[in-house]
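Asker: Fold the following.
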Amino acid sequence: MELTLDRLTKQFGARIAVDRVSATLTPGVTGLLGANGAGKTTLMRMVCDVLRPTGGQILLDGRDAQSLGDEYRALLGYLPQDFGYYPDFSALDFMRYMATLKGFGNRDGRARSMQLLEEVGLADDARRKVKTFSGGMKQRLGIAQAMLNDPAILVLDEPTAGLDPKERVRFRNLIASFAQDKIAILSTHIVSDVEFIANRILVMRQGSFVLDGTPEQVVAQAAGKVWECHVTAVQVEAMSASMQVANVRYATDGHAVVRVVADACPMEGAAPVEPTLEDLYLLVFSERPKGSIPFGLRQGEDA
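Answerer: Numbering: from 1, shown residues only. Purely as a prediction, here's the structure:
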């Protein structure tokens, strides 16, 4: 199965939210990484046929998704950024309600609902009202409802926002398990969400894809642009004001090790170090003019 985004564009008045993006997605987890306002949610809503593109098209195995209509939508599972629920429903009631909307009969809907609540670790809480759930429990319920129809295309928009680190790890493991044979698109600005589970990363900036590749290929674009500087503690504030500082580690002797992301050696004595995806993120989303990509893969280029 292939999901192709062909010069997909969305414009709101004079503002271009998504600017002629193209990519072909196959089974596995594709991480869509970008800052808030990069156009990720608009793109996800177009993929899920919630928004109609201003230009371009979405193709499923070469067939236009809009022309496929209900046939295409039946293949989708969607967890939006603002996941709505009925607070006085129990988890099971909510799942059965969603199952009915997706065309399940009463018996099949209940069985499928209980199966998924078990898989996301909510079976013991199936009869609790959703309003009593923690944020992590609500998100697990959200992914359970997205999986009701065993979708071929799973779209998750900022699914771990607001979760604590333990819940994020659990959620990522759930996604990786569910997405083995599906096209899964995970949109986020949290680097660790895609660092460990994505087969492919698309980096989106100001409505365009600026990087596309495996995690290793994407991170490699920051090679030679990450530095460690050994400085006195009093120098750290000045460095933070004038450089893109990724991390500061203070020693007990009044010195500090400062990790800096920069196109060139930031100061005498700085040593180059291996980049991480977080370093790459800082490099891409530092303040630069629109269209200025400091390195690497432009859309359509090989890694």
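
Asker: pLDDT wise, what is residue 228 at?
Answerer: Looking at residue 228, its pLDDT is 95.

Asker: is it in a bridge, and if so with what?
Answerer: Beta-bridge partners for residue 228, by DSSP bridges, are residue 259, residue 271.

Asker: Pretty sure it sits against residue 269.
Answerer: No - using CB atoms under 8 Å as the test, residue 228 is too far from residue 269 to be in contact (9.7 Å). All C-beta spots, glycine's among them, are computed from the backbone N, C-alpha and C.

Asker: In terms of neighbours, single out the busier of those two.
Answerer: The residue with more neighbours, out of residue 228 and residue 269, is residue 228; 16 against 11, by other CB atoms under 10 Å.

Asker: residues in contact with that one?
Answerer: Residue 228 makes contact with 257, 258, 259, 260, 270, 271, 273 under the criterion CB atoms under 8 Å, 6 or more residues apart in numbering.

Asker: Kindly recompute the last result at 7 Å.
Answerer: 257, 259, 270, 271, 273 (CB atoms under 7 Å, 6 or more residues apart in numbering).

Asker: and residue 213, how far is that from residue 199?
Answerer: 10 Å (CB to CB, to the nearest Å).

Asker: who's more crowded, the two?
Answerer: A direct count of neighbours by other CB under 10 Å for residue 213 and residue 199 places residue 213 higher, at 19 against 16.

Asker: Run through the bridge partners of the more buried one.
Answerer: residue 201.

Asker: go on, residue 154?
Answerer: With DSSP bridges as the criterion, residue 154 is bridged to residue 77, residue 184.

Asker: Look up how far residue 147 lies from it.
Answerer: 7 Å.

Asker: How about residue 168?
Answerer: 18 Å.

Asker: Equivalent analysis for residue 262, please.
Answerer: Going from residue 262 to residue 147 by CB to CB gives 43 Å.

Asker: re the thing from before, buried subset of the contacts of residue 228?
Answerer: Buried subset of those (neighbour count, 16 or more other CB atoms under 10 Å): 259, 270.

Asker: State the three-state secondary structure for the residue nearest the centre of the chain.
Answerer: Closest to where the C-alpha atoms of the chain average out (CA atoms, centre = their mean) is residue 187, at 2.2 Å. Secondary structure for residue 187, judged by DSSP: H, G, I helix; E, B strand; the rest coil, is strand.

Asker: again with residue 235
Answerer: Quick answer, by three-state DSSP: residue 235 is helix.

Asker: quick one, helices of the chain?
Answerer: Secondary structure of the chain, counting by DSSP state H: helices at 40-47, 65-68, 70-73, 91-101, 106-119, 135-146, 165-178, 191-195, 215-220, 236-242, 277-284.
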